[in-house]
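Okay, here's the prediction I keep looking at, along with the sequence it came from:
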Number of protein chains: 2
Amino acid sequence: MPSESDAPTDRATGPGSRGPYPKGVRRRQEILDRTIEVFADVGFEGASLRAVGEAIGVSHAALRRYFDTREELFLEVLREKDRQAMAEARGRDHDDHDDGSDVLGLARSLDAYASQVPGLMALRHSMVARALEAGNEHSRAFFLERYAALRGEVLSTLTLARAAGVVRDDLPLEAAATLVIATLDGLSTQWLLDPGLDIRPSMVLLEQLLTPPQPHVG
Amino acid sequence: MPSESDAPTDRATGPGSRGPYPKGVRRRQEILDRTIEVFADVGFEGASLRAVGEAIGVSHAALRRYFDTREELFLEVLREKDRQAMAEARGRDHDDHDDGSDVLGLARSLDAYASQVPGLMALRHSMVARALEAGNEHSRAFFLERYAALRGEVLSTLTLARAAGVVRDDLPLEAAATLVIATLDGLSTQWLLDPGLDIRPSMVLLEQLLTPPQPHVG
DNA sequence: GTCTATACAGGGATAGAC
DNA sequence: GTCTATCCCTGTATAGAC
């Protein structure tokens, strides 16, 4: 993922036989950033190629020099957001975090969700919905890969947590990882629909269910 | 929800000052049924008003005598599907069901999900995504109400289950209801993306986490 | 290499004829 | 109640300016 490298990506720039194309890459990144802003403002449906182009000061046709299709552009936005989220997560790991009720970091994961502008959470939902439709193999492949990677990450987190004794040792961890991701997805859906809904109790409950029964310490 | 009654719904038929309009209601239902079939075939994105109209043998403009907007039509499809699912659930309750590992009926709930044509599961996903966008208050209100009703149903199921001793008695049931729905939603998403993914272990795990620890009966 | 201009097919919404 | 014709929007595609 060359986000600040000069190496040309699949297309994006150049005839494919000359070296790096710093200007084209920079332009592409600029388009990406502006697109994210437009999303935050007008959401997925309102973010037409023409609307994005206008916000950047460019015709909609120009966008297709950098992204083959609208779908591609939006997938790239999600990739960018994933990168940013991972960077933030790494930053958070260096902070203190031990309030006793968030042993697995689930609450923090959902905060990471929520820190994204609502429009961008809705974007992810819309893109998954499109990926489910027939004929969107590109999007489907993206999310297949993304969820597989997510399951891997959560699985390793759970494995470490079990070694530390904060996860019950009678759980099938693969199934638990899939379950955790599913629950976070589903909770975020309900919360997006009704921001007044307090989903933290459900998250805390999930954590409690996964952690070993306390021999009444209190 | 007058599904077989002759009472006129909000709009749908007639000048609004005469009695019931059986013919208009029947036509409306016919449109609904045909729409469902089209969905199953071509999915949400492919089911344009023109495509639906063509399948029925009318112009797309005619559809709007019965449904104000495309959104309305699709919401009505979901309502119809909910009605059918509830009818089927009632039917299943009269059957024998005790394989010992599905105490709460979660597996059956997801089977009910899966029994719907994939295209229709994707439809639900797409409609939720649209409801999340700004300016779709109608869809949003529909899903707000639907999820509230779902939480109520699951809550009463859990309450009964707890009374029967198959649910731990130290759980906040409201949080548990929200969590169960979220998990089922999220699991169905992952399964739709990758039908090869076996999500049953995760469902079984959720049930085991909710049920009281067995004092090693086996 | 980058972008504008333009055209095309298709979408939902709508007005008015019958 | 249903049609046709129309409007404005969309994503996509291509031609050609510079």
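It's in. Computed from a predicted structure; not experimentally measured. Numbering: from 1, shown residues only, chains lettered A, B, ... in the order given.

domain parsing for chain A?
Domains of chain A are assigned by automatic domain parsing as A:1-97, A:99-218.

how about those domains, which one is nearest residue B:166?
Residue B:166 sits nearest to domain A:99-218 of all the domains of chain A, at 15.3 Å, using Cβ to Cβ. All C-beta atoms are positioned from the backbone trio N, CA, C, and that covers glycine.

For the closest one, give the mean pLDDT please.
Averaged over domain A:99-218, pLDDT sits at 89.

So what touches stretch A:160-169?
With contact meaning Cβ atoms under 8 Å, 6 or more residues apart in numbering or on different chains, stretch A:160-169 is reached by A:103-104, A:158, A:171, A:173, A:176, A:210-213.

Nearest spatial neighbour of residue A:36, chain-adjacent residues omitted?
residue A:77 (5.8 Å; Cβ to Cβ, 6 or more residues apart in numbering or on different chains).

brain fart, residue A:40
The shortest distance from residue A:40 to any non-neighbouring residue, by Cβ to Cβ, 6+ apart, is to residue A:117 (4.1 Å).

Could you give the number of residues near that neighbour?
Residue A:117 is flanked by 16 other residues according to other Cβ atoms under 10 Å in any protein chain shown.

The helix or strand harbouring the residue nearest to residue A:36 close to DNA strand D?
Assessed by DSSP states H and E, residue A:77 sits inside helix A:70-93. Yes - under the criterion of Cβ under 7 Å from any atom of the strand, DNA strand D is reached by helix A:70-93 at A:70-71.

is that helix anywhere near DNA strand C?
No - legend: contact between helix A:70-93 and DNA strand C by Cβ under 7 Å from any atom of the strand is lacking; minimum distance shown is 12.9 Å.

Counting by contacts, list what that helix packs against.
helix A:22-46, helix A:49-56, helix A:106-115, helix A:118-132, helix A:137-163 (3 or more Cβ pairs under 8 Å, 6 or more residues apart in numbering or on different chains; DSSP states H and E).

Take those helices and write them to CSV, including mean neighbour count.
Shown next, in CSV, are the helices and strands packed on helix A:70-93 (neighbours: other Cβ atoms under 10 Å in any protein chain shown):
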stretch, mean neighbour count
helix A:22-46, 17
helix A:49-56, 17
helix A:106-115, 16
helix A:118-132, 22
helix A:137-163, 16
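
and residue B:59, which of those helices is closest to it?
helix A:22-46 (25.4 Å).

what about the residue nearest to residue A:36, distance to residue B:161?
Shown here: residue A:77 relative to residue B:161, a distance of 43 Å by Cβ to Cβ, to the nearest Å.

one step back: any chance of the domains of chain A in TSV, plus distance to residue B:67?
Shown next, in TSV, are the domains of chain A (distance: least, Cβ to Cβ, whole Å):
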stretch	distance to residue B:67
domain A:1-97	19
domain A:99-218	21
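
For the residue nearest the centre of chain A, which non-adjacent residue is closest in space?
Central residue of chain A (Cα atoms, centre = their mean): residue A:82, 4.3 Å from the mean position. Take residue A:82 and drop its neighbours on the chain: the residue closest to it by Cβ to Cβ, 6+ apart is residue A:146, 7.4 Å away.

shouldn't that neighbour be in contact with residue A:75?
No - in this structure, residue A:146 is not within contact of residue A:75 by Cβ atoms under 8 Å, at 9.9 Å.

Now do the residue nearest to residue A:82 against DNA strand D, distance only.
20 Å (Cβ to the nearest atom of the strand, to the nearest Å).

Look up how far residue B:25 lies from that residue.
For residue A:146 relative to residue B:25 (Cβ to Cβ), the value is 45 Å.

quick revisit: of the contacts of stretch A:160-169 - the most surrounded one?
Compared across those, residue A:176 has the highest neighbour count, 24 neighbours, by other Cβ under 10 Å.

what is the orientation angle of the host helix or strand of that residue with helix B:173-193?
Per DSSP H and E: residue A:176 is located in helix A:173-193. Helix A:173-193 and helix B:173-193 are oriented at 110 degrees to each other (axes from the mean of the first three to the mean of the last three Cα atoms, to 10 degrees).

Which SSE is immediately downstream of helix A:173-193?
The helix or strand immediately downstream of helix A:173-193 is helix A:200-210, counting by DSSP H and E.

quick revisit: and the helix holding residue A:77, what's buried?
Under the neighbour-count criterion of 16 or more other Cβ atoms under 10 Å in any protein chain shown, helix A:70-93 has A:71-78, A:80-81 buried.
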